[in-house]
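Engineer: after the sequence you'll find the predicted model.
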Amino acid sequence: MTNKKIPMRQCVGCSEMKDKRSLIRILKTSENEIVLDATGKKNGRGAYLCRNAECLQKARKNKGLERSLKIAIPDEIYENLQKEMEGIETR
């Protein structure tokens with residue numbers, strides 16, 4: 001039997017390589033909208049974050065999310081992402 005390869009992605013906040021399923025995908029759609037992609041399968045440019053608010057704060061501070069998505073991100077989008085991530089953390 002062959003072992004299945006586990007896809008790894010790098011968190012833009014803490015820069016750690018982790019299993020793709022343990023991370024959250026932030027997506028830039030073709031209309032330049034920034035959304036949280038819970039399925040990980042939507043079309044668009046994606047960046048990955050750990051499932052905690054600390055990594056979102058780090059990504060905001062070092063502009064890792066903006067570099068990955070190649071777009072300037074306003075503060076209100078960071079606040080919306082913070083609220084959505086809090087909803088995911090409580091599940």
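Structural biologist: Perfect, thanks for sending it. Numbering: from 1, shown residues only.

Engineer: who are the contact partners of residue 49?
Structural biologist: By CB atoms under 8 Å, 6 or more residues apart in numbering, the residues touching residue 49 are 11, 12, 13, 23, 24, 26, 55, 56, 59, 65, 85. For the C-beta atoms, the positions are set from N, CA and C on the backbone; glycine is no exception.

Engineer: which of the residues you listed fall in helices?
Structural biologist: 55, 56, 59, 65, 85 (DSSP state H).

Engineer: quick one: which of those is most hemmed in?
Structural biologist: For the ones in helices among the contacts of residue 49, the largest neighbour count, defined by other CB atoms under 10 Å, is 27 neighbours, found at residue 59.

Engineer: so that one touches residue 12, yeah?
Structural biologist: Yes: using CB atoms under 8 Å, residue 59 is in contact with residue 12, at 4.7 Å.

Engineer: anything in contact with each of the two?
Structural biologist: With CB under 8 Å, 6+ apart, residue 59 and residue 12 have common neighbours 49, 65.

Engineer: does residue 73 belong to a helix or a strand, and which?
Structural biologist: Assigned by DSSP states H and E, residue 73 falls within no helix or strand.

Engineer: state the distance from the residue nearest to it when sequence neighbours are not counted to residue 5.
Structural biologist: Excluding the flanking residues, the one nearest residue 73 by CB to CB, 6 or more residues apart in numbering is residue 66, at 5.3 Å. From residue 66 across to residue 5, the span is 30 Å (CB to CB, to the nearest Å).

Engineer: please enumerate the strands of the chain.
Structural biologist: Secondary structure of the chain by DSSP state E: the strands cover 8-10, 17-19, 23-28, 34-37, 45-50.
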